[in-house]
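1. What shape does this take:
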Amino acid sequence: MAIGDETGGVYPQTDSVTLLLKNGDAGGGFGKTEFDLPGYRNPNDPYLYSSDYEDSKLHAAMVGVYDDGFPDGERKLINSRELDDVVYGSSYELAGQHVWPLSYNEEGILYINNQSAILRYLGTEWNDTWWLRSPKGVNLVYISWPYGSGNAFDADDEEFAVRPAFNLNLSSVIFTSATAGGKSVATVAGGLVGVTAPTGTVKLTVLDRSQTLRVVATAEEREQSRSVLEFGYQNAPIGTNQCVSCVLMVGNTLKYYGKLADCPTGGSGTLSIPLSDVDDGTYTLKIFSEQANGNYSTDFAGEAVTMKVVVLGGVGTVSDFRDPAESSAGDSHICGAFGGGFGVLGGLVVAGLVLARRKRSGSEAVTANRNRTR
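-> Modelled structure (predicted):
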């Protein structure tokens, strides 16, 4: 769930959005843990436990979320930060953190911004409580629970949910689409699909320059006028979920999306783009390789070959054919120029990187006694 962006909220940064795990343990989260346990930090001291976040069990769980909860391509999109409020009575900051629990003050920002419903999204029962990272005493740590704020627990007393947050770099995001349906509605040889902006949860398509493609076009094909545009292609990556796709855009707005070829074992062939269901108008056609990973997962797309297409009565006329392989470095005719795309991120739930879909094992919930809160 989006809880901050460059305009404000939790950890506002330029060209980024701060996200918090939407669903909790019952929804496919990352289990529950004690904040710390006696002897966990130092096996030679069986009585030692602390409210210090660094080297705690909760910190180890967050590191595990980052290491095991994301593929390599998604980890590259997550910004690191320094965490404050991690040691009782100290201004010490813990550097290099990619996935982290909210602090007491960050939880307070959500109350101030009338986003308290987000805090209760795991549920409204005591067992839906989750850890914050902030110490309240030498051995006391703040928790977030459905009935208010300011409560703390002994670091070794109970198991509460692991609810990660992270800051997502948006500079490589090409466009967004609905988490389910959306792009996956398009099928190879199924024609172009009309695009509508999503109104709820979105997934991301991000730029990945390893997604190479060369569109092969004769001089005649670069100026063709047909109801089905045809081009050759080469040098497309092969493998699971690899394909060649295209979009038709008007300005920075996507109007149509289509999958043109599957590339499980071969990276060359012929592309056909039918225009019979496309409204009359002047479009920018972009053709690119992508790893289309299906519902709820991030997609990765390469630089696009672009051209102008004027559609009239189901017939398209091509002009201004541009291949980034034939252009100088820094040319603007790349996938990154998609801009607004299927939708915008502001205020939406981003699920292309939804943590809940990769479930880590966690211990069973324990019944807590409310009277033990401090």
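2. Relative to residue 81, how far out is residue 8?
-> Going from residue 8 to residue 81 by CB to CB, to the nearest Å gives 16 Å. C-beta: built from backbone N, CA, C; applies to glycine.
3. ugh, wrong one, I meant residue 247
-> Distance of residue 247 to residue 81, given as CB to CB: 34 Å.
4. Surely residue 41 is in contact with residue 53?
-> No. Using CB atoms under 8 Å, residue 41 is not in contact with residue 53; the gap is 11.6 Å.
5. the more surrounded of the two?
-> A side-by-side neighbour count of residue 41 and residue 53, using other CB atoms under 10 Å, places residue 53 first with 29 against 16.
6. which ones are touching the spatially closest residue to the more buried one that is not a sequence neighbour?
-> In space, and not counting its chain neighbours, residue 53 is closest to residue 86: 3.9 Å by CB to CB, 6 or more residues apart in numbering. By CB atoms under 8 Å, 6 or more residues apart in numbering, the residues touching residue 86 are 52-54, 92-94, 133-135.
7. make it 7 Å
-> The contact partners of residue 86, taken as CB atoms under 7 Å, 6 or more residues apart in numbering, are 52-54, 92, 94, 133.
8. Specify the beta-bridge partners of residue 143.
-> Note on residue 143: beta-bridge partners residue 131, judged by DSSP bridges.
9. re earlier: the residue nearest to residue 53 - that's part of a strand, no?
-> No. Checked against DSSP: H, G, I helix; E, B strand; the rest coil, residue 86 lies outside a strand; its state is coil.
10. Relative to residue 70, how far out is residue 166?
-> Distance of residue 166 to residue 70, given as CB to CB: 9 Å.
11. before we move on, what about residue 16?
-> Separation of residue 16 from residue 70 (CB to CB): 16 Å.
12. Tell me the spacing between the residue nearest to residue 53 and residue 144.
-> 16 Å.
13. ditto for residue 312
-> Taken as CB to CB, the span from residue 312 to residue 144 is 58 Å.
14. Low-confidence ranges, the stretch 1-150 of the chain, go.
-> For the stretch 1-150 of the chain, the stretches with pLDDT under 70 are 23-28, 121-122.
15. can you pull out the helices in it?
-> 57-69, 72-75, 104-112, 116-119 (DSSP state H, counting those that start in this stretch).
16. picking up where we left off before, so for residue 312 and residue 144, which sits in the more crowded spot?
-> residue 144 (23 against 12).
17. What's the local residue count around residue 73?
-> Residue 73, neighbours per other CB under 10 Å, totals 16.
18. wait, isn't it in contact with residue 300?
-> Yes. Here residue 73 reaches residue 300: they are 5.6 Å apart, a contact under CB atoms under 7 Å.
19. Show me whatever sits in contact with both of the two.
-> By CB under 7 Å, 6+ apart, residue 73 and residue 300 have these common neighbours: residue 208.
20. any idea how the chain splits into domains?
-> Split into domains by automatic domain parsing, the chain comes to 2-169+360-372, 173-338.
21. The helices of the stretch 1-150 of the chain: which one's closest to residue 326?
-> Closest approach to residue 326 among these (CB to CB): helix 72-75, 27.0 Å.
22. Contacts for the closest one next, please.
-> 66, 208, 298, 300, 353.
23. From those residues, pick the one nearest residue 263.
-> Of the contacts of helix 72-75, the one sitting nearest to residue 263 (CB to CB) turns out to be residue 300, at 13.3 Å.
24. host element of the closest one?
-> Following DSSP states H and E, one finds residue 300 within strand 299-301.
25. And the strands in the stretch 251-374 of the chain?
-> Ranges of strands in the stretch 251-374 of the chain, per DSSP state E, counting those that start in this stretch, are 253-262, 269-274, 281-291, 299-301, 305-312, 315-322.
26. meant to ask about the stretch 101-250 of the chain, not that
-> Applying DSSP E, counting those that start in this stretch to the stretch 101-250 of the chain gives strands spanning 130-135, 140-144, 152-154, 160-161, 165-169, 173-178, 193-194, 202-207, 214-216, 225-226, 228-234, 242-250.
27. Include distance to residue 256 when you put those strands into a markdown table, please.
-> Listed next are the strands of the stretch 101-250 of the chain as a markdown table, based on distance: least, CB to CB, whole Å:
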| stretch | distance to residue 256 |
| --- | --- |
| strand 130-135 | 42 |
| strand 140-144 | 44 |
| strand 152-154 | 53 |
| strand 160-161 | 42 |
| strand 165-169 | 27 |
| strand 173-178 | 13 |
| strand 193-194 | 6 |
| strand 202-207 | 15 |
| strand 214-216 | 18 |
| strand 225-226 | 17 |
| strand 228-234 | 13 |
| strand 242-250 | 4 |
